[in-house]
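**Student:** sequence unknown, structure follows:
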């Protein structure tokens, strides 16, 4: 097990006990993914920024947060597409400088 993940779990365990009176069972955390998600969700509902960031860091290190382009998550209607190039006299006009 990665020592960084163990340190993050220890921080979350202590902070959750102080903030929400939730006791984290570390063995169950690593063997039961449903329990792990419940604990991390409870940690993210707190006002403590370190607790929230530690929870997100654990999710990231364990591969539970998938990185990708945010554009792929949007529905097809809301995705912005590049405007089609226009071939005509409008695109060739000089727009800077003095005009007559």
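**Tutor:** Now that the structure is in, tell me what you want to look at. In this text the structure is predicted, and so the values were computed from the model without any measurement. Numbering: from 1, shown residues only.
**Student:** how about the longest helix that the chain contains, which residues are buried there?
**Tutor:** Looking across the chain with DSSP state H, the single longest helix is helix 3-20. Within helix 3-20, the residues scored as buried using 16 or more other C-beta atoms under 10 Å are 8-9, 11-13, 15-16. To be clear about C-beta, it is placed using only N, CA and C from the backbone, and glycine gets the same treatment.
**Student:** again with stretch 31-42
**Tutor:** 36, 39-40, 42.
**Student:** which helices and strands sit right next to the longest helix of the chain?
**Tutor:** Judged by 3 or more C-beta pairs under 8 Å, 6 or more residues apart in numbering; DSSP states H and E, the packing partners of helix 3-20 are helix 26-31, helix 33-44, helix 49-61.
**Student:** which positions in the longest one come out as buried?
**Tutor:** Think helix 49-61. Buried residues in helix 49-61, defined by neighbour count with 16+ other C-beta under 10 Å: 51-52, 54-59.
**Student:** separation between residue 32 and residue 19?
**Tutor:** Separation of residue 32 from residue 19 (C-beta to C-beta, to the nearest Å): 22 Å.
**Student:** got it, and residue 56?
**Tutor:** With C-beta to C-beta as the criterion, residue 56 and residue 19 are 16 Å apart.
**Student:** just residue 30 next, same as before
**Tutor:** 22 Å.
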